[in-house]
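Trainee: need a structure here:
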Amino acid sequence: MRQHIVAGNWKMNTNLQDAQALVSEITNMVADEVTDSNVQVVICPPFPFLTSVGKLLPEGGRFHLGAQNYHHKESGAYTGEVSAQMLKSVGVEYVILGHSERREHFREDDQWLSQKLNAALAVGLKPIFCVGESLETREADETFNFIGKQLQDGVFHLSKEDFAKVVIAYEPIWAIGTGKTATSEQAQEVHAFIREQIAKTYDAATAENTTILYGGSANAKNAKELFSQPDVDGGLIGGASLKSRDFTEIIKSF
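Mentor: So this is what the prediction gives:
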């Protein structure tokens, strides 16, 4: 059975006190209400709060600490950056890679991201690699070509053994922070395409075992329908992850 994952991307939100309160509320609610042992939860707070939030996550269970970004170099004169090894040293297990906001605002392309991917795997971090199309690309009927190229240039250079450590997240850019959400059928169509490309590049077993998350404005109201699709294995959650009740309801949606 593929691993179900719900990852909360807090982006540039909360302060220390809010972060501690939020993670405590989430862990308590999940402990009381979530019975599906196959659902793993990844919490990705801003950099300053990684250690504080990590200390509040129950050890050895379904909760995992994640980071939102890092530099591909091990160390050096890169003011303001952090390395994958630094994240590993403070207990981070997962890292988000290639989020549309990083691609757009910081001009991260797939060649750059492939280097970051290698750096994460080299220290034992688990990448959540994001792909997704703009509204213009979708309306031009180029979604599959565009996402196929993102996968080819960013991820498919990996060996089968390394690729097995990667989680893929489909985030339709036109549905992020806009209030729009892809229909469950649209999400399934793209997730199935991604799985098909994995099978063509590696093999059917690798494709079948790859966790593919949906990352386009999923919330407590639509998560159940999205997660019911055969190739949707969970969600990369933005705004809804900042509300403990909503986030818990999403985790319960399998």
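Trainee: Run through the stretch 151-254 of the chain and note the low-pLDDT ranges.
Mentor: 177, 179 (pLDDT under 70).
Trainee: How are the strands of it distributed by residue range?
Mentor: Taking DSSP state E, counting those that start in this stretch as the criterion, the stretch 151-254 of the chain contains strands spanning 167-170, 212-214, 234-237.
Trainee: between these, which one is nearest to K149?
Mentor: strand 167-170 (14.4 Å; Cβ to Cβ). Any C-beta I mention is one placed from the backbone N, CA and C, and that applies to glycine too.
Trainee: Now do that closest one: everything it contacts.
Mentor: By Cβ atoms under 8 Å, 6 or more residues apart in numbering, the surrounding residues in contact with strand 167-170 are 5, 7, 94, 96, 126-132, 147, 151, 155, 187, 190-191, 194, 198, 210-216, 236.
Trainee: 6 Å - rerun?
Mentor: Contacts to strand 167-170, defined as Cβ atoms under 6 Å, 6 or more residues apart in numbering, come from residues 128-130, 132, 190-191, 194, 211-215, 236.
Trainee: picking that back up, with distance to T27 and mean neighbour count as new columns, can the strands of the stretch 151-254 of the chain be given to me in a markdown table?
Mentor: As requested, the strands of the stretch 151-254 of the chain are exported to a markdown table (distance: least, Cβ to Cβ, whole Å; neighbours: other Cβ atoms under 10 Å):
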| stretch | distance to T27 | mean neighbour count |
| --- | --- | --- |
| strand 167-170 | 21 | 26 |
| strand 212-214 | 21 | 27 |
| strand 234-237 | 16 | 30 |
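Trainee: would you list the contacts of strand 167-170 in TSV and tack on distance to F247?
Mentor: TSV is the format used below for the contacts of strand 167-170 (distance: Cβ to Cβ, whole Å):
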residue	distance to F247
I128	16
F129	22
C130	19
G132	21
V190	24
H191	21
I194	25
T211	18
I212	20
L213	14
Y214	15
G215	14
L236	12
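Trainee: out of those residues, who's nearest D110?
Mentor: F129 (9.9 Å).
Trainee: In space, what's closest to the closest one - neighbours in sequence excluded?
Mentor: Once flanking residues are discounted, F129 sits nearest to L97: 4.9 Å by Cβ to Cβ, 6 or more residues apart in numbering.
Trainee: cool, and D231?
Mentor: Of all residues not flanking D231 in the chain, H191 sits nearest, at 3.7 Å (Cβ to Cβ, 6+ apart).
Trainee: What is the neighbour count of that neighbour?
Mentor: 21 (other Cβ atoms under 10 Å).
Trainee: do G80 as well
Mentor: Neighbourhood size, G80 [other Cβ under 10 Å]: 5.
Trainee: now do R2
Mentor: For R2, using other Cβ under 10 Å, the count is 13.
Trainee: thought it was touching G234?
Mentor: No: counting by Cβ atoms under 6 Å, R2 stays clear of G234, with 9.1 Å between them.
Trainee: What ranges does the protein have for its helices?
Mentor: For the chain, the helices defined by DSSP state H occupy 16-33, 50-55, 84-89, 100-105, 110-122, 135-139, 143-154, 160-163, 184-201, 204-209, 223-227, 244-251.
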